[in-house]
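Chemist: here are the coordinates; sequence isn't available:
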Ligand code: PMP
């Protein structure tokens with residue numbers, strides 16, 4: 001098949017069965033991985049970015065010469081920057097300083113302007129990546145702020161394409177979905193679609209220790225967030241794109257287990273993914289251990305390992321942070 005440009009190559013990612021990593025866990029359970037890192041810019045975010053941009057074009061929010069401004073942990077920024085390169089929009093991305101240099105350089109490679117902001121500030125502080133993006137969107141004429149954390153079109157992208165794609169590929173034979181939540185768009189959209197098809201499917205989110213989602217889901221209280229190393233999942237406030245009514249449970253992850261599992265995924269399964277993938281697989285393996293009946297678990301691997309060669313794939317970095 002020949003595509004007219006790279007944007008048509010977004011989606012239709014393969015699902016691969018995990019083998020060695022699951023061999024001693026529970027013979028009744030199959031774990032399948034959806035390889036979202038095989039999207040063109042290397043993450044699941046290509047789907048949502050393309051959908052939001054096309055929606056904005058259709059509803060007149062974007063016009064030739066517009067500037068797209070977004071706050072991103074890097075993956076949405078790369079997706080938007082790739083789309084802007086094809087469509088000819090200007091692109092400005094604000095990103096917290098904890099995110100990898102690889103992500104920054106990736107966005108710059110696609111032609112975006114990247115503004116790095118401090119990680120350890122409140123999300124409503126004027127210095128935060130959200131506030132900086134919002135402010136720039138009011139200052140720069142003819143700009144568009146997708147607002148991925150709150151824009152319900154993010155959920156819709158996954159409800160309309162990732163969800164049906166998974167249902168079709170699995171031929172409906174899925175019992176449990178496991179995915180990390182950052183904006184919440186992936187798990188809310190896919191989860192909503194799968195629940196409509198079969199309400200018995202369990203939707204389980206993964207949240208790093210330090211993020212506020214887990215405690216809010218369990219006790220309706222907001223903890224004081226603290227930072228963690230895994231990138232792209234968890235948040236320090238309640239975001240509108242995480243629809244907790246779709247979730248059956250949230251499992252907490254920690255940096256060390258997430259990173260070691262990510263390395264094992266590469267070592268044992270040949271899957272070159274990022275740290276949030278390890279978090280999701282670690283959670284899926286724990287769920288598998290307690291299953292008493294045959295189950296098919298689908299776990300989403302959101303982004304590529306390329307972005308973390310200087311971090312979780314670097315022994316020195318792992319040792320420095322006490323993970324090896
Ligand atoms: N993993 C990584 C590496 C991500 O960048 C993101 C997006 N922030 C996610 C998981 C979670 O996806 P979502 O925003 O759809 O919840």
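Modeler: Noted; the coordinates are in hand. What you are looking at is a predicted structure, and each value in this text was computed from that prediction instead of being measured.
Chemist: all strands of the chain, in order?
Modeler: 15-17, 29-35, 67-71, 90-96, 113-117, 143-144, 176-180, 202-208, 249-253, 295-301 (DSSP state E).
Chemist: the helix or strand bottoming out on mean pLDDT in the chain versus strand 113-117: what angle between them?
Modeler: The weakest-scoring helix or strand in the chain, judged by mean pLDDT, DSSP states H and E, is helix 101-109 (a mean of 93). Taking axes from the mean of the first three to the mean of the last three C-alpha atoms, to 10 degrees, one finds helix 101-109 and strand 113-117 inclined to each other by 150 degrees.
Chemist: for the chain, what lies in contact range of the ligand?
Modeler: The chain has residues 43, 45, 73, 75, 180-186, 231-233, 274, 276, 302-303 near the ligand, with proximity defined as C-beta under 6 Å from any ligand atom. For glycine as for every other residue, the C-beta is placed from the backbone atoms N, C-alpha and C.
Chemist: how many neighbours does the residue lying closest to residue 271 once chain neighbours are set aside have?
Modeler: The shortest distance from residue 271 to any non-neighbouring residue, by C-beta to C-beta, 6 or more residues apart in numbering, is to residue 265 (4.6 Å). Neighbourhood size, residue 265 [other C-beta atoms under 10 Å]: 23.
Chemist: residues contacting residue 265?
Modeler: 21, 271, 273, 277, 278, 281, 301 (C-beta atoms under 8 Å, 6 or more residues apart in numbering).
Chemist: now do it against residue 71, distance only.
Modeler: 28 Å (C-beta to C-beta, to the nearest Å).
Chemist: so what does the closest residue to residue 88 other than its chain neighbours look like in phi/psi?
Modeler: Among residues not flanking residue 88 along the chain, residue 64 sits closest, at 7.0 Å (C-beta to C-beta, 6+ apart). Note on residue 64: its backbone torsions stand at phi -50, psi 140 [degrees, to the nearest 10].
Chemist: most tightly surrounded among the strands of the chain?
Modeler: strand 176-180 (a mean of 28; mean count of other C-beta atoms under 10 Å).
Chemist: list the strands paired with it, with their directions.
Modeler: strand 202-208 (parallel), strand 295-301 (parallel) (DSSP bridges).
Chemist: quick check: which of these is nearest to residue 102?
Modeler: strand 295-301 (17.2 Å; C-beta to C-beta).
Chemist: that closest one - what's its average pLDDT?
Modeler: Average pLDDT, strand 295-301: 98.
Chemist: swap in stretch 152-171?
Modeler: 98.
Chemist: try stretch 67-76
Modeler: Averaging pLDDT along stretch 67-76 gives 95.
Chemist: same question for stretch 52-62.
Modeler: Mean pLDDT, stretch 52-62: 97.
Chemist: out of the strands paired with strand 176-180, nearest to residue 104?
Modeler: strand 202-208 (21.3 Å).
Chemist: how far out from the middle of the chain is stretch 139-157?
Modeler: The chain centroid and the centroid of stretch 139-157 are separated by 16 Å, computed with C-alpha atoms, centre = their mean, to the nearest Å.
Chemist: buried residues of it, list them for me.
Modeler: Neighbour-count burial for stretch 139-157 flags 143-149, 151, 153-157 (criterion: 16 or more other C-beta atoms under 10 Å).
Chemist: residues in contact with the closest residue to residue 53 other than its chain neighbours?
Modeler: In space, and not counting its chain neighbours, residue 53 is closest to residue 83: 5.4 Å by C-beta to C-beta, 6+ apart. Neighbour list for residue 83: 7, 49, 50, 53, 89 [criterion: C-beta under 8 Å, 6+ apart].
Chemist: at 10 Å instead, please
Modeler: With contacts defined as C-beta atoms under 10 Å, 6 or more residues apart in numbering, the neighbours of residue 83 are 6-7, 10, 40-41, 46, 49-50, 52-54, 68, 89, 91, 110.
Chemist: same check, this time on residue 306
Modeler: So residue 306 contacts 37, 42, 100, 102, 103, 106, 272, 273, 274, 313 (C-beta under 10 Å, 6+ apart).
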